[in-house]
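# After the sequence you'll find the predicted model.
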Amino acid sequence: MLVVSRKVGERIIIGDKITVTVVKIGSGGVRIGIDAPTEMAVMREELSEKIRQEERDRQLRAEEQSHAESQSLEAAQSPNTDGDPS
């Protein structure tokens, strides 16, 4: 990890297309501005983690639903083995 000191208005360049600018320094934190290509997602870490968790939850629900549907289908296709001819 690169750690640098910057003053308000100073920038850090990442590659050819990303610029990080120190906008404001306050008692509770630092406000930064990020210029990046529109096709590149730029977000706070906690938001990224929330999105990842929601996607994992959505995939799990879809897998559970698919499993339940396949079990229902198997049960409907299974011959009746309880001795009842109906």
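Looks like it came in fine. Numbers count the residues shown, from 1 in each chain.

# Does anything pack onto the strand ranked longest in the chain? Which helices or strands?
Longest strand of the chain, by residue count under DSSP state E: strand 18-25. Where contact means 3 or more Cβ pairs under 8 Å, 6 or more residues apart in numbering; DSSP states H and E, strand 18-25 is packed against strand 11-14, strand 30-35. In this view, the C-beta of every residue, glycine as well, is placed from N, C-alpha and C.

# any chance of these in TSV, with mean neighbour count too?
Shown next, in TSV, are those (neighbours: other Cβ atoms under 10 Å):
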stretch	mean neighbour count
strand 11-14	12
strand 30-35	12
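
# between the longest strand of the chain and strand 30-35, how many degrees?
150 degrees (axes from the mean of the first three to the mean of the last three Cα atoms, to 10 degrees).

# what are the pairing partners of strand 18-25, and which direction each?
Using DSSP bridges, the strands paired with strand 18-25 are strand 11-14 (antiparallel), strand 30-35 (antiparallel).

# List of residues touching the shortest one?
Contacts of strand 11-14 with the rest of the structure, by Cβ atoms under 8 Å, 6 or more residues apart in numbering, involve 4, 6, 19-22.

# can you tell me which two in those are farthest apart?
Val4 and Thr19 (13.7 Å; Cβ to Cβ).

# Can you point out the buried residues in the longest strand of the chain?
In terms of neighbour count (16 or more other Cβ atoms under 10 Å), strand 18-25 has its buried residues at 20, 22.

# Rounded mean pLDDT for it, please.
Here strand 18-25 scores 96 as its mean pLDDT.

# Can you show me the CA trace of that strand as PDB?
Taking Å, rounded to 0.1, in the frame of the first residue of the first chain, the C-alpha atoms of strand 18-25 are listed here in PDB:
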ATOM      1  CA  ILE A  18      -7.900   8.000 -12.400                       C
ATOM      2  CA  THR A  19      -7.300  11.100 -10.300                       C
ATOM      3  CA  VAL A  20      -7.900  11.400  -6.600                       C
ATOM      4  CA  THR A  21      -8.000  15.000  -5.200                       C
ATOM      5  CA  VAL A  22      -8.000  16.000  -1.600                       C
ATOM      6  CA  VAL A  23     -11.100  18.400  -1.400                       C
ATOM      7  CA  LYS A  24     -11.400  19.100   2.300                       C
ATOM      8  CA  ILE A  25      -9.700  18.100   5.500                       C
END
